[in-house]
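A.B. asks: have a look at this prediction, sequence included:
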Amino acid sequence: MDNVKNSGLGISSFVLSIIGVALLFLGLAVAMSVATATPFAGDEAYIGAGMTMILGGVASMVSLGLGWGACVQKSTAKVLPIIGLSLSGCVILFILLSALAA
């Protein structure tokens, strides 16, 4: 088997997708903790959770672009960009589905 190295784009796609997933779950945790602590809280109480989830979505969109770029590069490993694309796609799909459900 050849010694194929990971590209910088693939590594950054993977790292940004992990950050996107973490920010999404952090935003969900903050929203759930606000909802359980004060059930009738105003909209301003949820701003931090919403902004955290938006940052997770932005990180996932950037990760999608980087992962796509890494997948089309010749002679580089494709494992990390594919994992980054998958995780980022899941985050963006979750955000889109939750926006449609609201």
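C.D. replies: Nice, I can see it.

A.B. asks: which residues of this protein score low on pLDDT?
C.D. replies: Low-confidence segments of the chain (pLDDT under 70): 1.

A.B. asks: so which residue is dead centre in it?
C.D. replies: G20 (2.6 Å; Cα atoms, centre = their mean).

A.B. asks: what about that one, which SS state?
C.D. replies: Under DSSP: H, G, I helix; E, B strand; the rest coil, G20 falls in the helix class.

A.B. asks: V91 too?
C.D. replies: Going by three-state DSSP: V91 is helix.

A.B. asks: what does S98 give?
C.D. replies: Classification of S98 by three-state DSSP places it in helix.

A.B. asks: the nearest residue to A22 once chain neighbours are set aside: how many residues sit nearby?
C.D. replies: Nearest non-adjacent residue to A22, counting by Cβ to Cβ, 6 or more residues apart in numbering: G56, 7.5 Å away. For glycine as for every other residue, the C-beta is placed from the backbone atoms N, C-alpha and C. If you count neighbours by other Cβ atoms under 10 Å, G56 ends up with 26.

A.B. asks: same deal with M32?
C.D. replies: With neighbours defined by other Cβ under 10 Å, the count for M32 comes to 11.

A.B. asks: contacting residues for the nearest residue to Q73 once chain neighbours are set aside?
C.D. replies: Nearest residue to Q73, sequence neighbours excluded (Cβ to Cβ, 6+ apart): S7, at 5.5 Å. By Cβ atoms under 8 Å, 6 or more residues apart in numbering, the residues touching S7 are 70, 73, 76-77, 81.

A.B. asks: G89 and L64 touch, don't they?
C.D. replies: Yes. Contact criterion Cβ atoms under 8 Å: G89 and L64 qualify, at 7.0 Å.

A.B. asks: helix/strand/coil for N3?
C.D. replies: What three-state DSSP gives for N3 is coil.

A.B. asks: list phi and psi for it.
C.D. replies: In terms of degrees, to the nearest 10, the main-chain angles of N3 are phi -90, psi 80.
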